[in-house]
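[1] Take a look and give me a structure for this.
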Amino acid sequence: MADLETEEYNEDLTGWWTRGLLIRRTIVEGDLAFFSTWCPAGTPIEILVRVEGQRWAIEDAFETAKTESGLTHNETRSWHGWHRHVSVVTLAFAMMTVVRERANSLSSPQKRTDEARLQRWYDGLSRKSVAWPRASSNVGSSLPS
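    Residues are numbered from 1 along each chain as shown. Prediction:
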């Protein structure tokens, strides 16, 4: 759409930047989505698509924060009250996201212990039934401690 020299708008930036239009089409429905872009001239289309694709994850997180954390449940009458509410809810949502991610990546010690105990029980049951014919008939009735 336009190439602009960035020094005219921001002294910290140099070089040519381009303003463009990115159009994405969904594969299944064929719906179109339009995005205005502002990036250094020569930026590959793959990078633009990847960056724009991250927008959906951000919007999904924002929607989740609204429903799970009460982001929209405020009745503030001032900018300061709204700002405090949004700050606290955003911090709480970020903490919940980190806790959820860590919890999903680890298995609980209790679960690991139970699985290992159950596997030992299975291994022991098969050994006793084959190697020790004098094992009692109620071997499989309870788990050993």
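[2] wait, doesn't residue 86 sit right on residue 73?
    No: between residue 86 and residue 73 there is no contact under Cβ atoms under 8 Å: 11.2 Å. In this view, the C-beta of every residue, glycine as well, is placed from N, C-alpha and C.
[3] quick one: which of these two has more around it?
    residue 86 (14 against 9; other Cβ atoms under 10 Å).
[4] And this structure, what are its domain boundaries?
    The record's domain parsing of the chain by automatic domain parsing lists 1-60, 67-135.
[5] Need those domains in CSV (columns: mean pLDDT).
    Formatted as CSV, the domains of the chain follow (pLDDT from 0 to 100):
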stretch, mean pLDDT
domain 1-60, 82
domain 67-135, 73
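[6] Can you show me the strands along this protein?
    2-5, 16-25, 32-40 (DSSP state E).
[7] Just the buried positions in the longest one, please.
    By that I understand strand 16-25. 17, 20 (16 or more other Cβ atoms under 10 Å).
[8] So in that sheet, which strands flank it, and in what orientation?
    strand 2-5 (antiparallel), strand 32-40 (antiparallel) (DSSP bridges).
[9] which helices and strands does the longest helix that the chain contains pack with?
    Of all segments of type helix in the chain, defined using DSSP state H, the longest is helix 79-105. On a contact count with 3 or more Cβ pairs under 8 Å, 6 or more residues apart in numbering; DSSP states H and E, helix 79-105 meets helix 45-68.
[10] now the helix it packs on: how far from the chain's centre is it?
    Helix 45-68 sits 10 Å away from the centroid of its parent chain (Cα atoms, centre = their mean, to the nearest Å).
[11] Name the nearest residue to residue 52, sequence neighbours excluded.
    Spatial nearest neighbour of residue 52, chain neighbours left out: residue 35 (5.3 Å); criterion: Cβ to Cβ, 6 or more residues apart in numbering.
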